[in-house]
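[1] Task: produce atomic coordinates for the following.
(2 chains)
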Amino acid sequence: MNASFQAGIKACLPTVLGYLGIGFSAGIVGRAAGLSPLEIGLMSLLIYAGAAQFIITSLLLLNSPFSAIILTTFIVNSRHLLMSMTLAPRVKSRHHLDRFGIGALLTDESFAVAMNTSLKRPLDAPFMHGLNITAYLSWIASTVLGALVGSWFPDPERFGLDFALTAMFIGLLYLQFESERSRIALNGLLLVLVFLLLYISMRYLSPELAVLFATMIAASIGVVISRWKSA
Amino acid sequence: MEIRLELFVLFAACGLVTLIPRILPFLLMHGLTLPRLLTDWLSFIPVCLLSALFFQNLLVAQSGGYPTLSLLHLTASVPTVLVAVTSKSLSFTVITGVLSMALLRIFL
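    A predicted model of the protein is given here:
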């Protein structure tokens, strides 16, 4: 097996635990909403986005029209455009099929792991495939497993599994701070700004759009401050 | 066990609208030199986006008002952040988070 591909698998392993926790919960919730384990597996295979799958499940339960479900999915997942724009220039491969595959399996977690890795080694296609395919298979397997044994755990929240996602964001955020030590003060300031922007915008926007809004405004303020400091 | 056709169509459509923002920059943004302003801006995206996703998990949206802070999630975050900083390990951080939340739910 290609050494880069193996390095990608290894880089993914710390996040697998998070995928298992969240995927397991997603499977249980899907089962409770009347989806079959096969349908839950199909959803993971075709959509492959944690937060969106929870939302789709709850909208199905509310009998929302398909057009509303599709539009909501688009809004919830539009943040991938920001991640893809950030990551795409750093990935070395020129092959269209490689680039298509790498983009298609992009998640919040694989994005954070890849950005963190990009400071230590070049991001080639085998590394990204190793990382992405490990994450993809973990996600599909854990949602189907959750669907199959879900009836034994009627309430996944009691086991704290719902917090796996939040905990993963905490860990990934900390690693990002660590890898950008040279601008730790600025990043700290942006962290506070993001909170304020999110708090204010959640009054007027859906949580998903508020995340996009707060991220883009805070990143712009980051550019202004860093230019003003170096001027 | 079966797969309902209408769900297959729905999931395929949701998959398509998810796929487009994921792949477009990968297909369009290579082999070209991006303006410095854009690369600077993009360099701030990881920290800002991960912060926003974390805080979104702590805030509970309220219709027609400012969101409220979930004390439960905030409390569970404290040991999780501490373990993230001391262990620098993603696995330990996730385990700590899940255990903290499970314990909080037992005792509260």
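[2] any idea how the chain splits into domains?
    Looking at chain A here, since you left the chain open. Per automatic domain parsing, the structural domains of chain A span A:3-179, A:182-231.
[3] ah, no, chain B please
    As recorded under automatic domain parsing, the domains making up chain B are B:35-69, B:70-108.
[4] among the ones you listed, which is nearest chain A?
    When those are compared by CB to the nearest CB, domain B:70-108 sits nearest chain A, at 2.4 Å. Glycine gets a C-beta too; all of them are placed from N, C-alpha and C.
[5] which parts of the closest one are buried?
    Within domain B:70-108, the residues that qualify as buried are B:73, B:76-77, B:79-81, B:83-84, B:90-102, B:104-105, counting by 16 or more other CB atoms under 10 Å in any protein chain shown.
[6] For chain A, give the residue positioned nearest to chain B.
    In chain A, the residue found nearest to chain B is A:Ala167; the distance is 2.4 Å by CB to the nearest CB.
[7] Remind me what the helix or strand hosting that residue packs against, helices and strands.
    A:Ala167 is part of helix A:164-179 when elements are defined by DSSP states H and E. Secondary-structure packing of helix A:164-179 (3 or more CB pairs under 8 Å, 6 or more residues apart in numbering or on different chains; DSSP states H and E): helix A:3-32, helix A:108-117, helix B:45-58, helix B:71-87, helix B:90-107.
[8] Do the first one and chain B come into contact?
    Just to be clear, that refers to helix A:3-32. Yes. Helix A:3-32 is in contact with chain B by CB under 8 Å from any CB of the partner chain, via A:Leu13, A:Pro14, A:Thr15, A:Leu17, A:Gly18, A:Gly21.
[9] Looks like A:Glu39 contacts B:Glu6 (just checking).
    No. Between A:Glu39 and B:Glu6 there is no contact under CB atoms under 8 Å: 10.8 Å.
[10] who has more neighbours, those two?
    Between A:Glu39 and B:Glu6, A:Glu39 has the larger neighbour count (other CB atoms under 10 Å in any protein chain shown), namely 22 against 9.
[11] any idea which residue sits dead centre in chain B?
    In chain B, the centroid-proximal residue (CA atoms, centre = their mean) is B:Leu53; its distance is 4.4 Å.
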